[in-house]
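Trainee: the following comprises the amino acid sequence and a computationally predicted model.
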Amino acid sequence: MADLLKIYHRLPYSAKVLVAGARGRYLNRWRYGAETEPMVAEFLAHDRWSDEQWRDWREERLAMILRRAAADVPYYREQWARRRAAGDTSSPEVLANWPILTKEEVRKSPRAFLADDCDPKAMYYEHTSGTSGKPLHIWLSKATVREWFALFEARSRRWYGVSRADRWAILGGQLVAPVDRERPPFWVWNSGLNQLYLSAYHLTPANIAAYLEALKKHEVRYLLGYPSGLYRLAQQVIESGMPAPRLAVAIGNAEPLLDHQRAVIAAAFGCPVRETYGMAEIAAAAGECEMGRLHAWPEAGHIEIVSDTADEPVTVGEAGRLIATGLMNRDMPLVRYETGDRAALGEGACACGRMLPILKGIEGRVDDVVITRDGRHIGRLDPVFKADIPIREAQLIQEELDLIRVLYVPTDAYTPQDGEMLAQRIRDRTGDDMRVVLEAVDAVPRTANGKFRAVISRVSVHDVAQDATGPQAVGS
């Protein structure tokens, strides 16, 4: 793969466009067919289903997935055989009887999760490393791929008044231009998907005019990408004072969309900014409606929210670990899958009129949560980075129970008083005993696939438990 990338980077731009177009047409054949538009219409109709209709549909689909997993998937079949041999009489037809499945189990033997009647050579292969850097291998049938992209079309495009027929731009982690490239183009046009793929690694003040010209030249109607990348692009637009094209919508994916990012992106491109949630495993997904509420997509998967410290369900509105049972990929079913993310379920009906479950918010990964000495789990610390602090981006790293290190990229207007304000905002949320160390950097490091992590915690619940039994607790 590295050798192919080197060859690609040596090609003239016109040849790169041909390569990207060929790849786009290949993906187009996998993703879309004659059944796409009828499925899009069906999914949009599901938006207005009653609670009873959703319950009946979920029970039927879940029963099918559990039966297939227990009977036809080697990993689960062997698991249930061992339980039977040990005298366990619980039924595999009841979801609560299934243990929570970790990513590590899937990583160790991914093919054991493929149903017996599946040939991986005839399936679409997807691999992702997420934020961990460890590869995860996924196989999907063409039927599943097309069903997923019809669902994405319905709820991540049609909701926002755009479609796959529109020209769009994506700002992602692919190296479409060498990192050391100093002159445009920092992008490649993919005619097969009507897509302008923008490099996320060349967003500097000197290059912003070229990016804006590319968006105008290719008549881009909407943007999609990592919120951190869209935010950096928007920052450069605003700071340069250059006019940017007015877009129909900007859609964030693969990272939580933070409030300050949303405000800057909306100001730069004069459009609404919407959040989406999903994963390569297609075990859960969600999209934001025009009322600003995040709705789960039940067709992708059944969601449970369980405690950070146990596998018990939490109350509605309380944040916890997001556990998902995939309902779309029948050939590599993931049952009670630990997504690694935290979320909370919302309650009540949405003013948009859609009868889809409400997610109060995706708080990021389980290890993106600050844990205090008294055992509190604090997610979504992004409000500390309000627009009134002159920094381009920042990352909080919890090194110890009472120590947070902040990597930040200052603007020219940054002063020591701004740093004091930031540190105090963190302490306001974590407690006065939290030490905050500020460290100026040229750029906040990304993960291997270019994602930005706003919070990284290097402590765990185990650390809190140890601390509670230490010398300070003995006399209490």
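Mentor: Alright, I've got the coordinates. Quick caveat: nothing in here was measured; it's all calculated off a predicted structure. Residues are numbered from 1 along each chain as shown.
Trainee: restrict stretch 258-276 to CA atoms and write it as PDB.
Mentor: What follows is stretch 258-276, C-alpha atoms only, in PDB (Å, rounded to 0.1, in the frame of the first residue of the first chain):
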ATOM      1  CA  LEU A 258     -18.100  20.700  19.400                       C
ATOM      2  CA  ASP A 259     -20.200  23.900  19.900                       C
ATOM      3  CA  HIS A 260     -17.400  26.300  19.200                       C
ATOM      4  CA  GLN A 261     -16.500  24.400  16.000                       C
ATOM      5  CA  ARG A 262     -20.100  24.500  14.800                       C
ATOM      6  CA  ALA A 263     -20.300  28.300  15.300                       C
ATOM      7  CA  VAL A 264     -17.100  29.000  13.300                       C
ATOM      8  CA  ILE A 265     -18.000  26.600  10.500                       C
ATOM      9  CA  ALA A 266     -21.500  28.100  10.200                       C
ATOM     10  CA  ALA A 267     -20.100  31.600  10.100                       C
ATOM     11  CA  ALA A 268     -17.500  30.800   7.500                       C
ATOM     12  CA  PHE A 269     -19.800  29.100   5.000                       C
ATOM     13  CA  GLY A 270     -23.200  30.700   5.800                       C
ATOM     14  CA  CYS A 271     -24.900  27.300   6.300                       C
ATOM     15  CA  PRO A 272     -26.300  25.000   8.900                       C
ATOM     16  CA  VAL A 273     -23.800  22.500  10.400                       C
ATOM     17  CA  ARG A 274     -25.100  19.100  11.300                       C
ATOM     18  CA  GLU A 275     -23.600  16.200  13.300                       C
ATOM     19  CA  THR A 276     -23.600  12.600  12.300                       C
END
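Trainee: which of the residues in that stretch are buried?
Mentor: Using 16 or more other Cβ atoms under 10 Å as the test for burial, stretch 258-276 gives 258, 260-262, 264-266, 268-269, 271-276. (C-beta placed from N, C-alpha, C; glycine too.)
Trainee: ditto for stretch 416-429
Mentor: For stretch 416-429, by 16+ other Cβ under 10 Å, it's 418-419, 422-423, 425-427, 429.
Trainee: in the protein, where is pLDDT below threshold?
Mentor: 1-2, 129-134, 364-368, 376-377, 379-380, 382-383, 386-388, 447-451, 460-476 (pLDDT under 70).
Trainee: could you pull out the helices for it?
Mentor: Applying DSSP state H to the chain gives helices spanning 2-10, 13-31, 36-46, 51-72, 74-85, 103-108, 142-156, 208-217, 227-240, 259-269, 416-430, 461-468, 471-474.
Trainee: would you list those helices in TSV and tack on distance to Cys352?
Mentor: TSV is the format used below for those (distance: least, Cβ to Cβ, whole Å):
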stretch	distance to Cys352
helix 2-10	43
helix 13-31	27
helix 36-46	13
helix 51-72	16
helix 74-85	38
helix 103-108	33
helix 142-156	12
helix 208-217	29
helix 227-240	22
helix 259-269	18
helix 416-430	31
helix 461-468	37
helix 471-474	49
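Trainee: of the buried residues of stretch 258-276, closest to Gln79?
Mentor: Thr276 (32.8 Å; Cβ to Cβ).
Trainee: tell me the contacts of the closest one?
Mentor: Residues near Thr276 by Cβ atoms under 8 Å, 6 or more residues apart in numbering: 156, 251-253, 285-288.
Trainee: tell me how far it lies from Val441.
Mentor: Using Cβ to Cβ, to the nearest Å, Thr276 is found at 29 Å from Val441.
Trainee: contacting residues for Ala165?
Mentor: If you count contacts by Cβ under 8 Å, 6+ apart, then Ala165 has Asn194 around it.
Trainee: hmm, I was thinking of Leu422
Mentor: Leu422 sits next to 384-385, 389, 391, 394, 406, 408, 436, 438 when contact means Cβ under 8 Å, 6+ apart.
Trainee: just send the residues you listed back as a markdown table, with neighbour count too.
Mentor: Output for the contacts of Leu422, formatted as a markdown table (neighbours: other Cβ atoms under 10 Å):
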| residue | neighbour count |
| --- | --- |
| Val384 | 20 |
| Phe385 | 21 |
| Ile389 | 19 |
| Ile391 | 18 |
| Ala394 | 20 |
| Val406 | 21 |
| Tyr408 | 22 |
| Val436 | 19 |
| Leu438 | 18 |
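Trainee: how about a markdown table for these, with distance to Leu140 added?
Mentor: Output for those, formatted as a markdown table (distance: Cβ to Cβ, whole Å):
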| residue | distance to Leu140 |
| --- | --- |
| Val384 | 39 |
| Phe385 | 37 |
| Ile389 | 43 |
| Ile391 | 40 |
| Ala394 | 37 |
| Val406 | 40 |
| Tyr408 | 40 |
| Val436 | 44 |
| Leu438 | 45 |
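Trainee: can you flag which of these belong to strands?
Mentor: Per DSSP state E, strands hold the following members of the contacts of Leu422: 391, 394, 406, 408, 436, 438.
Trainee: pull the contacting residues for the last one.
Mentor: It refers to Leu438. 406, 408, 419, 422-423.
Trainee: check the second one too.
Mentor: Contacts were defined as Cβ under 8 Å, 6+ apart; by that measure Ala394 touches 385, 406-409, 422, 444, 454.
Trainee: alright, that wraps it up for me.
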